[in-house]
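S.K.: What shape does this take:
(2 chains)
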There are 2 protein chains.
Amino acid sequence: MGLLDYFKQESRSSASIAKERLQIVVSHERSRRHQPDYLPALQQDLMQVIAKYVNIDPDEVSVQLDHDDQRSVLELNICLPKD
Amino acid sequence: MGLLDYFKQESRSSASIAKERLQIVVSHERSRRHQPDYLPALQQDLMQVIAKYVNIDPDEVSVQLDHDDQRSVLELNICLPKD
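M.R.: Alright, predicted model coming up:
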């Protein structure tokens, strides 16, 4: 399954809601454990970059950070305003 | 299936290769067709932001852009140097 298929599958249930949405996922696969995790810091920088292209309402951003021994995954979900 | 599971699944076959890897996926779900697609332009900005945190060898970056009527998905796969 390709990533495009993954996102199609994810949004199928909400296809009737015609909202503009942006999702950013950063996955860092580490070769060594206990490396510093920079993903939380990266989050703010990513938001600033995205804001150059689209209007972002900070209240419409949800952030999730998951990690296990080998991997950190940062997920940003942004609902974009309609203008 | 959560996104963390997706990335675990994707990398299972290459788990024996202890490489440091970074994957960035940006998915833009549009409410209207024929909007300008800014993802290609965003790509360079994202690379510059990431380069603040980790060393990036431009030869070790693969980029894929997929799109259909409703969605554009930009995928950056970066192999990080071992330093």
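S.K.: which one is residue A:82 nearest to, not counting chain neighbours?
M.R.: Nearest residue to residue A:82 in three dimensions, chain neighbours excluded: residue A:20, at 6.8 Å (CB to CB, 6 or more residues apart in numbering or on different chains). C-beta coordinates here come from the backbone N, C-alpha and C atoms, glycine included.
S.K.: quick one: contacts for the one you found?
M.R.: A:79, A:80, A:81, A:82, B:29, B:30, B:31 (CB atoms under 8 Å, 6 or more residues apart in numbering or on different chains).
S.K.: Residue A:60 is in contact with the first one, correct?
M.R.: So that's residue A:79. Yes. Judged on CB atoms under 8 Å, residue A:79 makes contact with residue A:60 at a distance of 4.1 Å.
S.K.: Residue numbers of chain A in contact with chain B?
M.R.: By CB under 8 Å from any CB of the partner chain, the residues of chain A that approach chain B are A:2-4, A:6-8, A:11, A:18-31, A:38, A:41-42, A:45-46, A:49-50, A:52-54, A:66, A:68, A:71, A:73, A:75, A:82.
S.K.: Among these, the buried ones, what's the ChimeraX command?
M.R.: Here is the ChimeraX command that selects the buried residues among the residues of chain A next to chain B (16 or more other CB atoms under 10 Å in any protein chain shown):
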select /A:3,4,6,7,8,11,20,21,22,23,24,25,26,27,28,29,30,38,42,45,46,49,50,66,71,73,75
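S.K.: So for the helix or strand residue A:7 falls within, mean pLDDT?
M.R.: Assigned by DSSP states H and E, residue A:7 belongs to helix A:3-11. Helix A:3-11 shows a mean pLDDT of 68 in the predicted model.
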